[in-house]
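Peer 1: Generate coordinates for the sequence data below:
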Amino acid sequence: MKVKKLALIVLLAGLVLAVSGCGKGKVKKIYHYTSKSYVISYPIKSLGLNDDISGSFRGAFSIGFGSLDTNTYYYVYADAGNGRYILKKYDAETTYLQETDGQPRFEKIIKYFITDNGSDNFTVDGIKFRKQGWPLPFFYVGNVEYTSNDAFNDNYDIVAQHVKVGENQTLYVSTESTSTLYVPRGTIKVKFNADVNNVK
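Peer 2: Predicted coordinates:
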């Protein structure tokens, strides 16, 4: 009888330990990551403008401004190497202008982060990472949208070509970016005549 009682106590103790162990197993480890920035930067130039009044050619830096359909764009010339430049356009609603005393340039900053595979419960920059419901391949850190592939994300391939990712790691790239045109001081005019109807 004592043997049965002892066996029952051992069995109950084992059951308690097993249940308490299972409870601890349900608590997922939270991983913490910090985002990084991939920067695209290249020099820009502007063509000089012909002054119709004096007939002289002036070489002041200026930004072309035009629209296509309903979008408005800035136009500048980007350095293509070997002394050549190519015309580029940038969406005026998403591109910042900033005056500088340095080299005029275009700069685009794309945020990304890399995780270890299996760490599906994590924070980025202290903000909890959350998944978008199926079937969309989007993930969020706060209000910033990321993908782990190039679906609906033009930024993904740009970053993936330049960032080293380990065999057991996953790259997440923001679908948004910050674009800035750094232009010479005095380029931005607060008051100007925007009459473009007389341009030939």
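Peer 1: What are the phi and psi values at residue 111?
Peer 2: Here the main-chain torsion angles of residue 111 (degrees, to the nearest 10) amount to phi -90, psi 150.
Peer 1: That one bridge partners, please.
Peer 2: Using DSSP bridges, the beta-bridge partners of residue 111 come out as residue 37.
Peer 1: Was I right to think it contacts residue 34?
Peer 2: No. With the criterion set as CB atoms under 8 Å, residue 111 and residue 34 do not qualify as a contacting pair; they are 10.6 Å apart. C-betas here are computed from N, CA, C, even on glycine.
Peer 1: So between the two, which is more surrounded?
Peer 2: residue 111 (22 against 10; other CB atoms under 10 Å).
Peer 1: quick one, what contacts that one?
Peer 2: By CB atoms under 8 Å, 6 or more residues apart in numbering, the contact set of residue 111 is 35-38, 144, 173-174, 176-177.
Peer 1: Out of the residues you listed, which is nearest to residue 46?
Peer 2: Taking CB to CB as the measure, residue 177 is the one of the contacts of residue 111 closest to residue 46, at 23.1 Å.
Peer 1: Check the closest residue to that closest one other than its chain neighbours and give its pLDDT.
Peer 2: On the basis of CB to CB, 6 or more residues apart in numbering, the spatially nearest residue to residue 177 that is not a chain neighbour turns out to be residue 110, at 4.6 Å. Reading off the confidence values, residue 110 has pLDDT 98.
Peer 1: my guess is residue 110 meets residue 159, correct?
Peer 2: Yes. At 5.7 Å, residue 110 counts as touching residue 159 under the criterion of CB under 8 Å.
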